[in-house]
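Engineer: fold the following for me, if possible:
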Amino acid sequence: MEWFASHRAWIDDEQARLTEIPAPSFQESERAAAVKVLLSAVGLEVSTDRPANVIGLLRGESDKELVILSAHLDTVFPAGTDVKVHRDKVA
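Structural biologist: All right, here's what the predicted structure looks like:
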């Protein structure tokens, strides 16, 4: 959990970057590819299952220690929707 706390700004920036990749239902392959590269870059064991979900595994010292990161990749927005992230500063 310390890693997540100390990398919060980077996580937020990557989330925004991924969110800006259009991903209407059944058209999320570009976003999935970007997620796969990102998870691989931080050292996770990455695979894709049959429906094209990206799975990132971080194995521990034993088979009982495992972290799985998952995310829903597609959006409810139709193709062509502006998905640019806008950030507002909160006081």
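Engineer: buried ones in the strand or helix carrying Ala9?
Structural biologist: Ala9 is located in helix 8-19, with elements delineated by DSSP states H and E. Buried residues in helix 8-19, counted by 16 or more other C-beta atoms under 10 Å: 14, 18. Using the backbone N, CA and C atoms, a C-beta is placed for each residue, glycine as well.
Engineer: need the residue closest to the centroid of this protein.
Structural biologist: Residue closest to the mean C-alpha point of the chain, counted by C-alpha atoms, centre = their mean, is Val35 at 4.8 Å.
Engineer: which elements pack onto the biggest strand by length in the chain?
Structural biologist: Ranked by residue count under DSSP state E, the longest strand found in the chain is strand 54-59. Helices and strands touching strand 54-59, by 3 or more C-beta pairs under 8 Å, 6 or more residues apart in numbering; DSSP states H and E, are helix 29-41, strand 45-48, strand 66-69.
Engineer: what pairs with the last one, and is each one parallel or antiparallel?
Structural biologist: To tie it back to what came earlier, the one meant is strand 66-69. strand 54-59 (antiparallel) (DSSP bridges).
Engineer: quickly list what the closest residue in space to Ile68 that isn't next to it in sequence is bridged to.
Structural biologist: Spatial nearest neighbour of Ile68, excluding adjacent residues (C-beta to C-beta, 6 or more residues apart in numbering): Leu57 at 6.0 Å. Beta bridges link Leu57 to Glu45, Ile68 when assigned by DSSP bridges.
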